[in-house]
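Engineer: Give the three-dimensional model of this entry:
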Amino acid sequence: MLKLFCGYDSREAIGYQVFCNSVIARSSVPVAFTALNSQGQKVGTNSFTVSRFLVPYLCGFQGFAVFADASDMICLTDIAEIAKEFNNMNTPVKVVKHDYKTKNPNKYIGTDMEAKNTDYWRKNWASLMVINCDHILWRKFTPDFVSKLKPIDLLQFKLFHPDDIHELPKEWNCLVDEGQDPTDAKILHWTAGVPAFEHYKLAKCADKWRKEMRSACYPSRT
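Structural biologist: Below you'll find the predicted structure:
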């Protein structure tokens, strides 16, 4: 069974449901979904900014898991494919190593949660993570330890040596609204706002998101 931890924010609840449906519709293996919200506090622009780094703790520091921002993503492939990344994995984490400057200086435009979308080192690396929960480096990442760290230090993997962070193929986290090529994308990611929001209804590949939404709400008859 593949353990998939998904960022959940009530303000993007429909995006969460659409993402999960997009995974289930294509998966050839059982998937255990765990919604991650906050630790009773909100930091960053999402309530799961910090809690994603507790995935190994929640897994008892055993096995492998995947974290995805989820609520502003859809999956276009069999999620079982990402389990191949577990093979011979001896590092704590694998991510898509984005190197870009944002085209969207603000996020969530037109909503009551509009916020600045600032650039920072290793931006969006932590939005999709393949995690080796057994790795000794994660043992320090307990709720108490994580609560004392700055969210930006977590998002930038400042507690990790560069050799600890291996690279995923870029197709696993395509930042479609930042101009990345979606041709072979396995996961599409709208970083500034899910196409359910009025301002982003014409975002690149928004038609694919709406197709997934219709599939979740109005499944076709067989």
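
Engineer: what's near enough to touch the residue lying closest to E167 once chain neighbours are set aside?
Structural biologist: Excluding its sequence neighbours, the residue lying closest to E167 (CB to CB, 6 or more residues apart in numbering) is K97, at 5.2 Å. C-beta coordinates here come from the backbone N, C-alpha and C atoms, glycine included. Taking CB atoms under 8 Å, 6 or more residues apart in numbering as the criterion, K97 is in contact with 122, 125, 165, 167.

Engineer: same check, this time on D78
Structural biologist: D78 sits in contact with 26-28, where contact means CB under 8 Å, 6+ apart.

Engineer: between these, which is nearest G63?
Structural biologist: S27 (17.9 Å; CB to CB).

Engineer: I'd say the closest one and I82 touch.
Structural biologist: No. Using CB atoms under 8 Å, S27 is not in contact with I82; the gap is 10.5 Å.

Engineer: which neighbours do those two share?
Structural biologist: Contact criterion CB under 8 Å, 6+ apart; residues shared by S27 and I82: L2.

Engineer: For these two, indicate the residue with more neighbours.
Structural biologist: I82 (23 against 17; other CB atoms under 10 Å).

Engineer: and the gap between the more buried one and P169?
Structural biologist: In this view, I82 and P169 are 10 Å apart by CB to CB, to the nearest Å.

Engineer: likewise D184?
Structural biologist: D184 sits 9 Å away from P169, going by CB to CB.

Engineer: Find residues that contact each of the two.
Structural biologist: Residues touching both D184 and P169 by CB under 8 Å, 6+ apart: none at all.
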